[in-house]
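Participant: Following is a predicted model, sequence given first.
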Amino acid sequence: MLHFTIGIGLALGLAVGLLAAVTESDFLMVVAVGSAPLGTAFMSAIKMVIIPLVMAVIFSGVAKLGDPRKLGRLGGLSVGFMWVTVIPAILLGMGVSWLGVQFTPDLVAPLATDQEAPELPGLVDFVLGLIPDNPFAAASSGQLLPLIVFTALFGAAAGTLGEEARRTLLNFSDAVSDALIKLVWWILWTAPIGVFGLVAPVTAQLGWGLIQSLAVFVLSVLVGLAIYLGLMYLAPLSVIAGIGPKRFFSGTFGAASIVFSTTSTVTALPVTLEESKRNLDVSEHVADLVIPLGASMYRPGSALFQGAAIVFLADLYNVPFPVTAVGGALLATFLAALTVAPVPSSGVMTLAPALDAVGIPLSGLAILLGIDRIPDMFRSTTNLLGQVTAAKLVDQWADDSTDAPRG
């Protein structure tokens, strides 16, 4: 329902802005431009909550892994596979999006009056800048990337504590996350109005070109997901586990159907466990460990979408995106993709740190929110298929001496 209402807000904003641009009607132009404060208020609310939310879920996601030394062989293989395969997803998303923008109209969306692209540091300064000498000062000055690095390190340290101390910190973090998620829901119910206020003025200036650019972006994401699925899932499954595409897709059809319609891998978790054991012969002890772990932290489809979105919005707002900026965007996206918050369109919402690292206006988030339903269905299904792939490959790599029964 929420996606539907946001889509209505986007459609109305595009329609009013496009009509204002085509007809040059003074009345429609006043309506389009005059709605800008609605968008500003919506983005202020998003900025208010999204950074503390990202920090809370990153801390919880890292701390819940526990002491890395205690993960064991299965846990180490699982986490290693998930971390290693997220990075190619981000880079592939950036690549297909870069190719896609070559076919979009030459547009420059208006920047906020106080928005300036930051001066990007060199490699040494970038690495040194990831270590905040004062995390609280970094928070107050809006240095998001160092703050997220500190949060991840803090979460890793918390994971090594005794169970009682770790549980105390996790309970607090989870409570903070729950409260912030509730606040995000409240804000998102105003999204149709906010999206209208952000899209209508931009469309009035850019006209039909914005709609063309959004269509190319969505198509680029879908192409990227298809390429990633073939290279990172189907090829290894065929070579390592002897499972062809037909068996893989038919064996996960039930879970994939649920995820495609709900855009939630957690919702399909019981079906995913059953199908992976019955249809793909994943051993029970591996499936019960890897698939829930993947549902909580492995979202390569979201990582690919976010990588594509960074390049697309940088092009839309004419923000320079040199090689020196890729590192910051890659790190922020990597951490966000592994700890995405359980909120609607979370792949869009958690883009804020990566956009900030490059200097892209956060108002671009609202443009993506309106079109996110279609990419979300496909990237969520990719996430699900990745979780099953991880379980099967880890099962294949695991010690053959394990006597656990196969389901």
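Facilitator: Yep, that arrived. Numbers count the residues shown, from 1 in each chain.
Participant: where does residue 361 land in three-state SS?
Facilitator: Recorded secondary structure, residue 361: coil (DSSP: H, G, I helix; E, B strand; the rest coil).
Participant: Also residue 133?
Facilitator: coil.
Participant: mind starting the numbering at 2 from now?
Facilitator: Sounds good: first residue 2 from here, last item residue 134.
Participant: give me phi/psi at it?
Facilitator: According to degrees, to the nearest 10, the main-chain angles of residue 134 amount to phi -70, psi -20.
Participant: How many residues are close by residue 216?
Facilitator: Other residues within reach of residue 216, judged by other CB atoms under 10 Å, total 13. Glycine gets a C-beta too; all of them are placed from N, C-alpha and C.
Participant: Next: residue 93.
Facilitator: Residue 93 has 22 nearby residues by other CB under 10 Å.
Participant: residues touching it, list them.
Facilitator: Residues near residue 93 by CB atoms under 8 Å, 6 or more residues apart in numbering: 225, 228, 229, 305, 308.
Participant: Can you name the helix or strand that it falls in?
Facilitator: helix 73-102 (DSSP states H and E).
Participant: again, but for residue 104
Facilitator: Residue 104 belongs to no helix or strand when elements are defined using DSSP H and E.
Participant: pretty sure it contacts residue 214?
Facilitator: No - assessed by CB atoms under 8 Å, residue 104 is found out of contact with residue 214, at 9.3 Å.
Participant: Of the two, which one has the most company?
Facilitator: More crowded of residue 104 and residue 214, by other CB under 10 Å: residue 214, with 22 against 11.
Participant: What residues of the helix holding residue 93 count as buried?
Facilitator: Using 16 or more other CB atoms under 10 Å as the test for burial, helix 73-102 gives 75-76, 78-80, 82-83, 86-99, 101-102.
Participant: Same check on stretch 269-281?
Facilitator: For stretch 269-281, by 16+ other CB under 10 Å, it's 269, 270, 272, 273, 274, 276, 277, 278, 280, 281.
Participant: In this structure the fifth one contacts residue 286, no?
Facilitator: No - if you go by CB under 8 Å, residue 274 and residue 286 don't touch, sitting 11.8 Å apart.
Participant: pLDDT-wise, which helix or strand of this protein ranks last?
Facilitator: Lowest on mean pLDDT, DSSP states H and E among the helices and strands of the chain sits helix 124-130, with a mean of 57.
Participant: so where's the stretch 202-351 of the chain uncertain?
Facilitator: The model of the stretch 202-351 of the chain has pLDDT under 70 over residues 207, 262-263, 267-268, 323-326, 339-348, 350.
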